[in-house]
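> Compute the structure for the input listed below.
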Amino acid sequence: MRQIFYLIASFLLILNWSSCRDNFDFIVDEGNLSFSKDTVYLDTVFTNIGSSTYTLKVYNNSENNIIIPKVKFRNGLNSKFRLNIDGLTGDVPFSGNEFSGVELLARDSMYVFIETTINIQDLVLNESQYLYTDAIEFGINDIQSVELITLVKDAIFIYPQQTINNDGSVQIETLSFDYDEDGIVDQTNLQGRFLSENELNFTSDKPYVIYGYVAVDNGDILNIDPGARVHFHSNSGLIITNNASIHANGLLSTDQNLLENEIIFQSDRLEPSFEEIPGQWQTIWLFNGSTNNIFNYTTIKNSTVGILCDGDSEDENKVTITNTKIYNNSNFGILARETNIKAENLVINNCGESSFAITSGGKYDISHGTIVNYWTSSFRQFPSLLLNNFRTDSDQNIVPANLVDANFTNCIIYGNDNPELLLDHVNGADFNFKFKNCLILFDDLNNVYTSPYYNFSDSNLFSDVIFNEDPDFHDPTQNKLQISINSPAASFGTNSGFLNYDILGNQRNTPPDIGAYNAEEISN
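You can find the predicted model right below:
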């Protein structure tokens, strides 16, 4: 019994001692910190738009618990950066800017979180971009520092009007338009506004950042100059309404890395980690009654649907797409619904569903297209290229719709699934198509596809078509879709529908290579 008593007493003594041990001995740091990096590069930010949060790790490699007497910016209280240290916001009233007496245990580390929001006009006037630098300083006497660098870009922001109601709630402007052309203007819940007359020319002087949907009104034309950059915030997009047009008039660039003359539609997230992420914005929506829409030397990437194109299949000038790349879309590259599209030197890749979905019939003429899909982010249920001649109404009834023509000449239709072509036909409507001098991935291993439209020996449907041979792309997972000189697609084209130059401005051979790119030497 006595032994049990002493055992319990000893345990309680130890417990009491340890619970009271909430004070540690600290010494003032003498410049012996180490850091996960000596310079933090914050990616490019737009003026007045907050950056992502960047992380710096600070290490105490000594055997002593230390106090860092001061953590602050070299630029002092005027710094455009702000900090959070392990959840602490800093000294009052210098929150995010200055910290005193920061404790760090022996052999321990802490996180420093860095953000910025910069108005470029506070730094320099009449400049479109500015390199802003500062440093985080640790200590008072033996100061250690970590450099901070970010590039600030001026931009033109387009967003819907916001109204503050009497109860303090915020009402955001929404769009109204006669979508179905029945003479009645329909109110929508799409947050956005129409472009005014003086906003109908996007230049390359500054990037454009769009919040919500912007729409081009009846009878207006949105002209976009070579080199323009159009960035969309989440859940944002561009609408070309009935009797309106878009002319995206890009030009061939001399530098294929800078793409200085290319028009680029993309997300407003400029960090490299967001460079290839799909679904960051919505779509470019061409209404049924829009007309004379042009895309030349244009890149559309990281959206939900690259181009959503509705009717009219009888409009021979509905959409012309040339020298254009559409990448990294969470649903479709092009979703065409009973419309009319002419395309030359067209590249589409990496889409969550189809790269090119031709639905509800229509009329299409595609030459030198590289229509492929190497999507890896999830399972996809549709092939690279889908053709059908019907639509589904609101009661889920199938409504036949004429596929007047769908001609594909000198095209590559391939991907990382099989098959990469689906011909989805119903009776009661025309289903006219032809593939000429194309390379197609379609290997029906289990004889599932019994429709006569899959009769690959029918030269009225398939003329000089290569099936199931690897086109030998450079790196399709990185959207590098140039073919090698050993590709079966090299010199397999026909001069019918012949284009003199490929998408990079290289003169085509005779006979031409198929796809949007000339074959070239590719080193591994």
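> what domains does the record give for the protein?
Domain assignment for the chain by automatic domain parsing gives 26-153, 156-483.
> Mean neighbour count, the ones you listed: which tops it?
Most buried of these by mean neighbour count (mean count of other C-beta atoms under 10 Å) is domain 156-483; its value is a mean of 19. To be clear about C-beta, it is placed using only N, CA and C from the backbone, and glycine gets the same treatment.
> Straight-line length of that domain, end to end?
Start-to-end span of domain 156-483 (C-alpha to C-alpha, to the nearest Å) is 39 Å.
> cool, and stretch 218-238?
Start-to-end, stretch 218-238 (C-alpha to C-alpha) is 14 Å.
> ditto for stretch 315-322
First-to-last distance for stretch 315-322 - C-alpha to C-alpha - comes to 18 Å.
> Same question for stretch 443-463.
17 Å.
> how about the domains of the chain in CSV, adding distance to Arg508 and mean pLDDT?
Converted to CSV, the domains of the chain look like this (distance: least, C-beta to C-beta, whole Å; pLDDT from 0 to 100):
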stretch, distance to Arg508, mean pLDDT
domain 26-153, 37, 92
domain 156-483, 8, 95
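> of all those, which lies closest to Gly515?
Closest approach to Gly515 among the domains of the chain (C-beta to C-beta): domain 156-483, 4.2 Å.
> Could you pull up the residues touching the residue minimising distance to the centre of the chain?
When C-alpha atoms, centre = their mean is applied to the chain, the residue found nearest the centroid is Asn302 (2.0 Å). By C-beta atoms under 8 Å, 6 or more residues apart in numbering, the contact set of Asn302 is 266-267, 274, 276-281, 327-329.
> quick revisit: for Tyr501, find the nearest of the domains of the chain.
With C-beta to C-beta, the closest approach to Tyr501 among these belongs to domain 156-483: 8.0 Å.
> now the helices for this structure?
Secondary structure of the chain (DSSP state H): helices located at 2-19.
> returning to what we had before: any chance of the domains of the chain in a markdown table, with distance to Asn509 too?
Below are those laid out as a markdown table (distance: least, C-beta to C-beta, whole Å):
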| stretch | distance to Asn509 |
| --- | --- |
| domain 26-153 | 40 |
| domain 156-483 | 12 |
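> So which of those is nearest Ile522?
domain 156-483 (5.0 Å).
> chain center to that closest one: distance?
For domain 156-483, the separation from the chain centroid amounts to 14 Å (computed by C-alpha atoms, centre = their mean, to the nearest Å).
> wait, Ser267 sits on His231?
Yes - judged on C-beta atoms under 8 Å, Ser267 makes contact with His231 at a distance of 6.4 Å.
> ok, back up a step: between the domains of the chain, which gets nearest to Pro512?
Pro512 lies closest to domain 156-483 among these, at 6.4 Å (C-beta to C-beta).
> which residues touch Leu403?
Leu403 touches 358, 361-362, 387-389, 429-433, counting by C-beta under 8 Å, 6+ apart.
> same thing but at 7 Å, please
The contact partners of Leu403, taken as C-beta atoms under 7 Å, 6 or more residues apart in numbering, are 361-362, 387, 389, 430-433.
> From those, pick the one nearest Gln191.
Closest to Gln191, out of all of the contacts of Leu403 and judged by C-beta to C-beta, is Gly362, at 30.2 Å.
> So what touches stretch 86-101?
Under the contact criterion C-beta under 7 Å, 6+ apart, stretch 86-101 has outside partners 67, 69-73, 77, 79, 82-85, 110-111.
> Distance to Thr47 added to the residues you listed, as a markdown table?
Formatted as a markdown table, the contacts of stretch 86-101 follow (distance: C-beta to C-beta, whole Å):
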| residue | distance to Thr47 |
| --- | --- |
| Ile67 | 38 |
| Pro69 | 35 |
| Lys70 | 30 |
| Val71 | 27 |
| Lys72 | 25 |
| Phe73 | 20 |
| Leu77 | 21 |
| Ser79 | 17 |
| Arg82 | 16 |
| Leu83 | 21 |
| Asn84 | 23 |
| Ile85 | 27 |
| Met110 | 31 |
| Tyr111 | 28 |
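> Name the nearest of those relative to Tyr179.
Nearest to Tyr179 among these, counting by C-beta to C-beta, is Arg82 at 44.4 Å.
> Ile184 versus the closest one, what's the distance?
Separation of Arg82 from Ile184 (C-beta to C-beta, to the nearest Å): 50 Å.
> Repeat that for Asn418.
47 Å.
> same thing with Ile440?
Ile440 sits 45 Å away from Ile184, going by C-beta to C-beta.
> Sketch out the strands for the stretch 251-400 of the chain, chain order is fine.
Along the stretch 251-400 of the chain, the segments classed as strands by DSSP state E, counting those that start in this stretch run 263-267, 281-286, 293-301, 303-310, 319-329, 332-351, 356-373, 385-388, 390-392, 398-400.
> List the strands paired with the fourth one, with their directions.
Paired with strand 303-310 in the same sheet, following DSSP bridges, are strand 281-286 (parallel), strand 332-351 (parallel).
> JSON lines please, covering the ones you listed and showing distance to Asp502.
Formatted as JSON lines, the strands paired with strand 303-310 follow (distance: least, C-beta to C-beta, whole Å):
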{"stretch": "strand 281-286", "distance to Asp502": "24"}
{"stretch": "strand 332-351", "distance to Asp502": "7"}
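> For Asp458, find the nearest of those.
Across the strands paired with strand 303-310, Asp458 has its closest neighbour in strand 332-351 (24.3 Å, C-beta to C-beta).
> Output the closest one as PDB, nothing but the C-alphas.
Output of strand 332-351 as PDB, limited to C-alpha atoms (Å, rounded to 0.1, in the frame of the first residue of the first chain):
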ATOM      1  CA  PHE A 332     -15.700  21.000 -74.900                       C
ATOM      2  CA  GLY A 333     -13.200  22.800 -77.200                       C
ATOM      3  CA  ILE A 334     -15.900  23.700 -79.700                       C
ATOM      4  CA  LEU A 335     -19.600  22.800 -79.000                       C
ATOM      5  CA  ALA A 336     -21.400  23.400 -82.200                       C
ATOM      6  CA  ARG A 337     -25.200  23.200 -82.300                       C
ATOM      7  CA  GLU A 338     -26.900  23.300 -85.800                       C
ATOM      8  CA  THR A 339     -24.500  25.900 -87.000                       C
ATOM      9  CA  ASN A 340     -22.100  26.600 -89.900                       C
ATOM     10  CA  ILE A 341     -18.300  26.600 -89.300                       C
ATOM     11  CA  LYS A 342     -15.400  26.900 -91.700                       C
ATOM     12  CA  ALA A 343     -12.000  26.100 -90.100                       C
ATOM     13  CA  GLU A 344      -8.500  25.900 -91.500                       C
ATOM     14  CA  ASN A 345      -5.300  25.200 -89.400                       C
ATOM     15  CA  LEU A 346      -7.400  24.400 -86.300                       C
ATOM     16  CA  VAL A 347      -5.800  22.800 -83.200                       C
ATOM     17  CA  ILE A 348      -7.900  21.400 -80.300                       C
ATOM     18  CA  ASN A 349      -6.600  19.300 -77.400                       C
ATOM     19  CA  ASN A 350      -7.200  18.400 -73.800                       C
ATOM     20  CA  CYS A 351     -10.900  18.700 -73.200                       C
END
